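1. Okay, sequence plus prediction incoming.
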Amino acid sequence: MVITMFDYNDMSSYFCLGGENVTGHNLGLVITRLRKERGMTRYRLARESGVSYSYLVGIEEGKHSPSMNIALKIAAALGVTVAELIREEELHEQNN
């Protein structure tokens with residue numbers, strides 16, 4: 001795993017590294033919001049990230065926690081870093 005894309009100490013409370021999955025209560029909601037802001041369909045995000053459509057739907061609906069590799073692919077397709085995804089998730093949680 002490459003940890004250079006984010007500050008591990010800053011993000012450690014948002015990442016579950018056991019099994020290298022990225023967890024966050026509202027991560028799927030943040031991905032959905034960013035996708036829609038960019039005018040992307042689920043199909044397009046799945047295609048551009050290389051993630052299967054059904055798995056992406058599961059992430060957006062909170063049924064799956066993506067691996068770090070999958071989170072990196074989704075973030076790249078959205079034009080953000082994983083750290084930015086997590087910061088957005090934190091802001092979403094604070095506002096709700």
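-> Structure's in. What do you need?
2. Which residue ranges of this protein form helices?
-> Ranges of helices in the chain, per DSSP state H, are 8-11, 27-37, 42-49, 53-60, 68-78, 82-95.
3. how about the nearest residue to Tyr43 once chain neighbours are set aside, what does it touch?
-> Spatial nearest neighbour of Tyr43, excluding adjacent residues (Cβ to Cβ, 6 or more residues apart in numbering): Tyr53 at 6.1 Å. The C-beta positions use only the backbone N, C-alpha and C, and glycine is treated the same way. Tyr53 is in contact with Arg42, Tyr43, Ala46, counting by Cβ atoms under 8 Å, 6 or more residues apart in numbering.
4. isn't the last one right up against Leu56?
-> By that I understand Ala46. Yes - Ala46 lies in contact with Leu56 (Cβ atoms under 8 Å); the separation is 4.7 Å.
5. and the closest residue to Ile31 other than its chain neighbours, what does it touch?
-> Leaving aside its chain neighbours, Ile31 sits nearest to Glu60 (5.7 Å; criterion: Cβ to Cβ, 6+ apart). Contact analysis of Glu60 by Cβ under 8 Å, 6+ apart lists Gly28, Leu29, Ile31, Thr32, Arg35, Arg42.
6. Who wins on neighbours among those residues?
-> Within the contacts of Glu60, most neighbours by other Cβ atoms under 10 Å means Ile31, with 27 neighbours.
7. Pro66 touches Ile59, doesn't it?
-> Yes - with contacts counted by Cβ under 8 Å, Pro66 reaches Ile59, the gap being 5.4 Å.
8. Which neighbours do those two have in common?
-> With contacts defined as Cβ under 8 Å, 6+ apart, the residues adjacent to both Pro66 and Ile59 are Leu27, Val51, Ile74.
9. Neighbours of the last one, how many?
-> Applying other Cβ under 10 Å, we find 27 residues neighbouring Ile74.
10. Spatially nearest residue to it, not counting backbone neighbours?
-> Using Cβ to Cβ, 6+ apart, the closest residue to Ile74 is Ser49 (4.8 Å).
11. what's the neighbour count on the one you found?
-> By the measure other Cβ under 10 Å, the count of residues near Ser49 is 22.
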